[in-house]
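> below is the sequence, then the predicted model.
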Amino acid sequence: MLVVWVVVNLVNVLQAWGFASRTPGPGGMSMNHALGVVIAVLTLPATWALVVFVRDRAGWLQYLGPLAFDAFVVLMLVVDYALALQFRDPQRPAILAPYLLLFFGSIALMGIPMYRRSRPRWALTAATTVLLLAAMAYALARNVG
């Protein structure tokens with residue numbers, strides 16, 4: 001469970017940094033793309049936790065978060081890196097909707113089980129999620145969301 005807690009909080013902080021680093025014009029997403037690679041590497045511990053949860057029959061709520069996160073990273077690698085599709089602006093809902101659903105869904109699904117296990121850890125996860133949402137709002141306000 002500690003591994004998942006570290007993953008979800010790192011994802012929140014790294015993507016908040018990614019949103020805050022976006023600038024208009026050419027190269028405006030370069031830092032965000034570099035941070036995306038770091039986020040993709042976090043599938044290694046998330047997948048390890050998923051395997052442990054399934055092996056230990058930890059319950060569906062425990063393994064849905066890492067599973068959703070792994071699915072998000074696969075989608076991210078395909079659309080952002082392999083195909084380099086532009087789907088944010090102009091918006092392409094067929095890509096953007098599952099992208100955002102998997103991203104924010106994985107954060108919620110990795111964070112929710114923390115509530116029962118450790119309120120302080122859950123509170124920190126809630127705080128880093130608020131940081132992420134604030135950074136996203138900042139990027140959207142600057143038209144680089």
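Thanks, I have it.
> in the chain, which spans are strands?
Using DSSP state E, the chain contains no strands.
> pull the longest helix from it.
Criterion DSSP state H: the longest helix present in the chain is helix 119-141.
> flag every buried residue along it.
Of the residues in helix 119-141, 121, 122, 124, 125, 128, 129, 131, 132, 135, 136, 139 count as buried by neighbour count, 16 or more other C-beta atoms under 10 Å. Yep, even glycine has a C-beta here, placed from its N, CA and C like the rest.
> of the residues you listed, closest to residue 61?
residue 122 (13.6 Å; C-beta to C-beta).
> for the closest one, what are its contacts?
By C-beta atoms under 8 Å, 6 or more residues apart in numbering, the residues touching residue 122 are 111, 114, 115.
> drop anything exposed from those.
For these, buried by 16+ other C-beta under 10 Å: 111, 114.
> closest to residue 49 among the contacts of residue 122?
Set against residue 49, the nearest of the contacts of residue 122 by C-beta to C-beta is residue 114 (12.8 Å).
> nearest residue to that closest one other than its sequence neighbours?
The shortest distance from residue 114 to any non-neighbouring residue, by C-beta to C-beta, 6 or more residues apart in numbering, is to residue 122 (3.9 Å).
> what do you get for residue 12?
Spatial nearest neighbour of residue 12, chain neighbours left out: residue 128 (3.7 Å); criterion: C-beta to C-beta, 6+ apart.
> from residue 97, how far off is that neighbour?
Going from residue 128 to residue 97 by C-beta to C-beta, to the nearest Å gives 24 Å.
> can you map out the helices along this protein?
Using DSSP H, helices in the chain cover 2-21, 30-41, 43-55, 60-76, 93-111, 114-117, 119-141.
> residue 13 is in contact with the residue nearest to residue 12, correct?
Yes. Counting by C-beta atoms under 8 Å, residue 13 is a contact partner of residue 128 at 5.7 Å.
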